[in-house]
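> Structure of the sequence below:
(2 chains)
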Amino acid sequence: GAVVSQHPSWVICKSGTSVKIECRSLDFQATTMFWYRQFPKQSLMLMATSNEGSKATYEQGVEKDKFLINHASLTLSTLTVTSAHPEDSSFYICSAPGSLAGKDEQFFGPGTRLTVL
Amino acid sequence: DAKTTQPTSMDCAEGRAANLPCNHSTISGNEYVYWYRQIHSQGPQYIIHGLKNNETNEMASLIITEDRKSSTLILPHATLRDTAVYYCIVRSRDSGYALNFGKGTSLLVTP
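So this is what the prediction gives:
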């Protein structure tokens, strides 16, 4: 149990186009999900917190008009990178808090690798 | 959340125990120690967490010093598949579920 999926696993797009990444909790509900970004050879950086039924909260320095987040249901959050540029190329990872064997933990998706040409 | 310090990299021979240290000298009483790992190009995976008592599960053991200023993650019999970046994260339940990832320790398990 407690699986988080992401789609697509990788995407290549042209500069200026928009890309949507989906994050789903497959067997549990998540009122909150998190979006992280990871550049090569760097650690994960939290971008934003996705809240079901309300607006996302963004970390300092993350442009909310560029990275649109929609938490459409208790099992789905989407991240849309608008007008993507090469510097947006990165590994995007989502996570959702859940409980397994009575212990609270964070479940991560497999990540989406975005390459902007 | 308190800051953690980990060695940048470590090597371990396959079949031997891998002991990964973490310093968290500013940890406060309500903060837990979490360990996650990230295999190359995958999402992070939860390993174990604890407050002050030592913990063990099917993946690893977590040893926390009595003063809670440091901890050690032990993989008892490392395999090649344990090669990954291991993150030690200190977090209070009150600070929400978002995780603040440091640079972690890159563990290389060699044949």
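> what residues does chain A put near chain B?
A:4, A:6, A:32, A:34, A:36, A:43-46, A:49, A:91, A:93, A:95, A:97, A:103-111, A:113 (C-beta under 8 Å from any C-beta of the partner chain). Backbone N, C-alpha and C define where each C-beta goes, glycine included.
> out of those residues, which are buried?
For those, a burial check counting by 16 or more other C-beta atoms under 10 Å in any protein chain shown picks out A:4, A:6, A:32, A:34, A:36, A:44-46, A:49, A:91, A:93, A:95, A:97, A:105-109, A:111.
> Restricted to strands, list the residues you listed.
A:4, A:6, A:32, A:34, A:36, A:45-46, A:49, A:91, A:93, A:95, A:97, A:105-108 (DSSP state E).
> low-confidence ranges in chain B?
Low-confidence segments of chain B (pLDDT under 70): B:1-2, B:95.
> And chain A, by the same measure?
Low-confidence segments of chain A, defined by pLDDT under 70: A:1, A:100-103.
> ok, residue A:18 touching residue A:78?
No: judged on C-beta atoms under 8 Å, residue A:18 makes no contact with residue A:78 at a distance of 11.4 Å.
> neighbour-wise, which of the two wins?
Higher neighbour count among residue A:18 and residue A:78: residue A:78, with 19 against 12, using other C-beta atoms under 10 Å in any protein chain shown.
> List the strands paired with the helix or strand containing that one, with their directions.
For residue A:78, the host element (DSSP states H and E) is strand A:76-81. The pairing partners recorded for strand A:76-81 under DSSP bridges are strand A:19-25 (antiparallel), strand A:67-73 (antiparallel).
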